[in-house]
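Engineer: Sequence unavailable; structure follows:
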């Protein structure tokens, strides 16, 4: 199964990486590498992650990572990573 990163996710992730890097560039790199490693595990068993609290669909799931929520959609042939949230009401705001 292919993983597709949507612009909404990439923009939010880069903003957070930039914020962390202000304090510690090394910590920012580690955070990004660890998160991407976790995301790459999703295709192994995508339905093991909780049903999203932001959407009413069995195909949209939440991966929790260090207090952040990565929201993704499961389709027949790919995983679409589109949300990256911390303390917000919606993953796309």
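Structural biologist: It's in. All of these numbers come straight from a predicted model, not from anything done at the bench.

Engineer: Please identify the nearest residue in space to the residue nearest to the spatial centre of the chain, excluding sequence neighbours.
Structural biologist: Centroid-nearest residue in the chain, with C-alpha atoms, centre = their mean: residue 70, separated by 2.5 Å. In this structure, residue 70 finds its nearest non-sequential neighbour in residue 63, 4.3 Å apart by C-beta to C-beta, 6 or more residues apart in numbering. Where C-beta positions appear, they are placed from N, C-alpha and C, glycine not excepted.

Engineer: Please name the residues that touch the one you found.
Structural biologist: Taking C-beta atoms under 8 Å, 6 or more residues apart in numbering as the criterion, residue 63 is in contact with 38-39, 42, 49, 69-72.

Engineer: try 10 Å
Structural biologist: 35, 38-39, 41-42, 46, 48-50, 52, 69-72, 81, 83 (C-beta atoms under 10 Å, 6 or more residues apart in numbering).

Engineer: ok, now residue 28?
Structural biologist: Counting by C-beta under 10 Å, 6+ apart, residue 28 touches 16-22.

Engineer: From the contacts of residue 63, pick the one nearest residue 6.
Structural biologist: Using C-beta to C-beta, residue 81 is the member of these that lies nearest residue 6, at 6.4 Å.

Engineer: Show me the beta-bridge partners of that closest one.
Structural biologist: With DSSP bridges applied, residue 81 shows beta-bridge pairing to residue 5, residue 72.
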